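Colleague: The amino acid sequence is not available; the structure is as follows:
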């Protein structure tokens, strides 16, 4: 984009239009994906809590944030519980 005192060219406007379209498309795609995911939709529309945080809850959150122990990758947890298909690396469907 040109400096504020430089004239805006047609190319500048085209570039800006492309940036806007790409940004809006990315955001729209994310919103549509959330709308189609039942869990994400439930979480997004769930009411907030009206109960104040207790000192115990606050201390537990602070302890969890301060915890520097190593993290376990999600795939390892799935594998350890036999929920990962060894051949494809995709999660095993939950039984009905």
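Modeller: Cool, the structure landed. Please read all numbers here as calculations on a predicted model, not as lab measurements. Residues are numbered from 1 along each chain as shown.
Colleague: show me the biggest helix of this protein in terms of residues.
Modeller: Taking DSSP state H as the criterion, the chain has its longest helix at helix 10-36.
Colleague: Would you mark the buried spots in it?
Modeller: Within helix 10-36, no residue qualifies as buried by neighbour count (16 or more other Cβ atoms under 10 Å). No exception for glycine: its C-beta is placed from N, CA and C like everyone else's.
Colleague: I'd like the numbering to begin with 337 instead of 1 from here.
Modeller: Sure, I'll start counting at 337 from here, so that last one is helix 346-372.
Colleague: what helices or strands is it leaning on?
Modeller: Applying 3 or more Cβ pairs under 8 Å, 6 or more residues apart in numbering; DSSP states H and E, one finds that helix 346-372 contacts helix 374-381.
Colleague: now the helix it packs on: how far from the chain's centre is it?
Modeller: In terms of Cα atoms, centre = their mean, to the nearest Å, the centre of helix 374-381 is found 12 Å from the chain centre.
Colleague: Stretch 392-411 too?
Modeller: The chain centre lies 19 Å from the centre of stretch 392-411; the measure is Cα atoms, centre = their mean.
Colleague: Closest to the centroid, which residue in the protein?
Modeller: Centroid-nearest residue in the chain, with Cα atoms, centre = their mean: residue 366, separated by 9.1 Å.
Colleague: and the gap between it and residue 374?
Modeller: Residue 366 sits at a distance of 16 Å from residue 374 (criterion: Cβ to Cβ, to the nearest Å).
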